[in-house]
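# Take a look and give me a structure for this.
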Amino acid sequence: MTFEVPEFTEETIFTWGAPPLKFGAGAIDEVGFELSAYDVSRVLIVTDPGVNALGAPQRLADNLARYGIESEIFDGVHVEPTDDSMNKATEYARAQGPWDGFVAVGGGSAIDTAKAINLLTSHPGELMDYINKPIGNAKVPPGQLKPLIAIPTTAGTGSESTAMCVLDILSMKVKTGISHWRLRPTLAVIDPLLTMTLPPQVTAAAGMDITCHALESYTARYYTTFDRKKPEERVTYCGSNPVSDLWCEKAMSLLAKSFRAAVQRGAEDVEARSDMMMAATFAGMGFGNSGVHIPHANAYPIAGMVKDYRPQGYPQDEAMVPHGESVSLTAPEAFRFSFDSAPQRHLRAAELMDPRADKVNDPREQLPGVLTRLMRDIGIPNGIGGVGYTEADVPDLVPGTMKQQRLLATCPRTPTEDDIADILTKSVQNW
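Down below sits the predicted model:
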């Protein structure tokens, strides 16, 4: 009897991946042991000046030395990386190399910069060769990268478990990235104690990144609704799927329990900090495979075209909109737009994010209402107007969003330019 494979026109396959995870207080002190299993002798520690000043990178270097691993600390990471900062970091790594492996310690900026360094020192090519289309050439990494251990010091990006890195292209005033499964770290080491000194504003912004990762992944276009792909055509973002859904649901439950507490009393609440780190990792395991959509696509021009906004808790030497703030500012309106594509998912997400929230008469307002109450409670700016934009800026922002077709492709309801303009306009003020 011969088994005949049917001719599928719709997608029947999803992919899911995540790095091994080591989680818990004091986990940073086991990095040397973990790296010693990869036969490395010389490692570059990638961090930023603020984290370096707190001593964690030197603590890592001392730990590596106990296992006979030589290391050097590079603390030139730019908060909210740019093509210029990543190129400079890569130039440094190339000049001081070769390296057998990398350790990133810091927020998403440090981890994303380490991913770029690893790619560009492991294989030929320059940054723009690998950046996603239509901005870059989307070249596929031709082979395996070197070992990379990612140690987050903020609960937000989930970059320790994802296969992408994000940066601003200064000349175009747009944020974009590189996306390929080979960028995923070899191991994620999560130590909640590294987040205890985070300022409330940074905790709030980073936490909104977790929130949007979980919500956008959970409400993304379902994987079976895409056209059938050939194996070589499969991308990192495959649409919402049963495995990603589980991680996102757990992340939302942890956020409901501990987000406000982490912002309000994070300096002494180890449980809340642990929950937020777990939520960030779980959400990363969700969106890193299923994808994000409109709030993240809008965030790229909102951050890339910043005027003179300087948030508390961040370096004040230049204007910036932290990634977690930029993704949240249009989220309430974006979920009003996407509601009809999957009403029950939006309502379930609202219930997970705030189990005690009263039901409203218009169900499409349930999730936006939960989000805006959270954002007000933790001090997120009131819409894009809160970071310096007006309705007159909307026509300039729209093209930057529309460039993010990799993200918009996973939106369950495909937006037009007019739809994006309407979402941005209605997000000048969220309350």
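# use CA for all of it now, contacts and neighbours both
Will do.
# Would you quantify the distance from Ile135 to Thr176?
Per CA to CA, to the nearest Å, Ile135 is found 8 Å from Thr176.
# and Val270, what pLDDT?
On pLDDT, Val270 comes in at 95.
# swap in Glu318?
89.
# Please apply the same query to Phe8.
Note for Phe8: predicted pLDDT of 81.
# contacting residues around the closest residue in space to it that isn't next to it in sequence?
In this structure, Phe8 finds its nearest non-sequential neighbour in Arg228, 6.8 Å apart by CA to CA, 6 or more residues apart in numbering. Applying CA atoms under 8 Å, 6 or more residues apart in numbering to Arg228 gives the contacts Phe8, Thr9, Glu10, Glu11, Thr12.
# returning to that earlier point: Ile135 and Thr176: which is more packed in?
The neighbour comparison of Ile135 against Thr176 (other CA atoms under 10 Å) goes to Thr176, with 27 against 18.
# Relative to Met128, how far out is the more buried one?
In terms of CA to CA, Thr176 sits 11 Å off from Met128.
# Over to Ala267?
Counting by CA to CA, the gap from Ala267 to Met128 is 40 Å.
# repeat for Leu347
Distance from Leu347 to Met128, by CA to CA: 40 Å.
# how about the strands in the protein?
For the chain, the strands defined by DSSP state E occupy 21-23, 42-46, 70-74, 101-106, 148-152, 164-169, 174-179, 187-190.
# And the contacts of Arg228, which of them are buried?
Glu11 (16 or more other CA atoms under 10 Å).
# got a markdown table for the contacts of Arg228, with distance to Thr121 too?
Below are these laid out as a markdown table (distance: CA to CA, whole Å):
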| residue | distance to Thr121 |
| --- | --- |
| Phe8 | 40 |
| Thr9 | 40 |
| Glu10 | 39 |
| Glu11 | 36 |
| Thr12 | 36 |
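# Spatially, which two of the contacts of Arg228 are the most separated?
Distance extremes for these: the farthest pair is Thr9 and Thr12 at 9.0 Å, using CA to CA.
# for this protein, longest helix please?
In the chain, taking DSSP state H as the definition, the longest helix is helix 242-265.
# Give the buried residues for that one.
Result for helix 242-265 [16+ other CA under 10 Å]: buried residues 243-245, 247-264.
# Then stretch 217-233?
Buried residues in stretch 217-233, counting neighbours by 16+ other CA under 10 Å, are found at Ser217, Tyr218, Thr219, Ala220, Arg221, Tyr222, Tyr223, Thr224, Phe226, Arg228.
# so how far is that stretch off the chain centroid?
20 Å (CA atoms, centre = their mean, to the nearest Å).
# That one: end-to-end distance?
In stretch 217-233, first residue to last residue: 21 Å (CA to CA).
# how's the chain carved up into domains?
If you go by automatic domain parsing, the domain ranges for the chain are 26-190, 200-426.
# roughly how far apart are the residue nearest to Gly288 when sequence neighbours are not counted and Ala18?
Excluding its sequence neighbours, the residue lying closest to Gly288 (CA to CA, 6+ apart) is Thr162, at 4.9 Å. For Thr162, the distance to Ala18 equals 7 Å [CA to CA].
# who's more crowded, the two?
Thr162 (29 against 22).
# Is the more buried one in contact with Arg182, as I believe?
No. When contacts are counted by CA atoms under 8 Å, Thr162 is not listed as touching Arg182 (9.9 Å).
# returning to what we had before: any common contacting residues for Thr162 and Ala18?
In terms of CA under 8 Å, 6+ apart, Thr162 and Ala18 are both contacted by the residues Arg184, Met285.
# Next up, the contacts around Gln58.
Shown in contact with Gln58 (CA under 8 Å, 6+ apart): Asn52, Ile73.
# circling back to that earlier point, spit out the residues that contact Thr176 and Met128 alike.
Common contact partners of Thr176 and Met128 (CA under 8 Å, 6+ apart): Ile135.
# got the angle for the worst-scoring helix or strand of the chain on mean pLDDT vs strand 164-169?
The weakest-scoring helix or strand in the chain, judged by mean pLDDT, DSSP states H and E, is strand 174-179 (a mean of 86). Angle, strand 174-179 to strand 164-169, by axes from the mean of the first three to the mean of the last three CA atoms, to 10 degrees: 150 degrees.
# Any idea how far strand 174-179 is from the middle of the chain?
11 Å.
# Note down every partner strand of it and its orientation.
Applying DSSP bridges to the sheet, strand 174-179 is found paired with strand 164-169 (antiparallel).
# contacting residues around the strand it pairs with?
Under CA under 8 Å, 6+ apart, the answer for strand 164-169 is 80-84, 111-113, 115-116, 159, 174-181, 183-184, 288, 304.
# Settle this for me: Tyr237 is touching Ser290, isn't it.
Yes. Assessed by CA under 8 Å, Tyr237 is found in contact with Ser290 at 4.9 Å.
# neighbour count winner among these two?
Between Tyr237 and Ser290, Ser290 has the larger neighbour count (other CA under 10 Å), namely 32 against 25.
# Spatially nearest residue to that one (excluding sequence neighbours)?
In space, and not counting its chain neighbours, Ser290 is closest to Gly239: 4.1 Å by CA to CA, 6+ apart.
# What is the neighbour count of the one you found?
Using other CA under 10 Å, Gly239 is surrounded by 29 other residues.
# repeat for Leu194
Leu194 has 23 neighbouring residues, counting by other CA under 10 Å.
# residue contacts, it?
Leu194 touches Pro152, Thr153, Thr154, counting by CA under 8 Å, 6+ apart.
# Can you flag the buried ones in those?
Pro152, Thr153, Thr154.
# Just the pLDDT for the last one.
Turning to Thr154, the model gives it a pLDDT of 91.
# tell me the contacts of Ile190?
Counted by CA under 8 Å, 6+ apart, Ile190 has contacts Leu21, Lys22, Phe23, Gly24, Ala27, Ile28, Ile151, Pro152, Met277.
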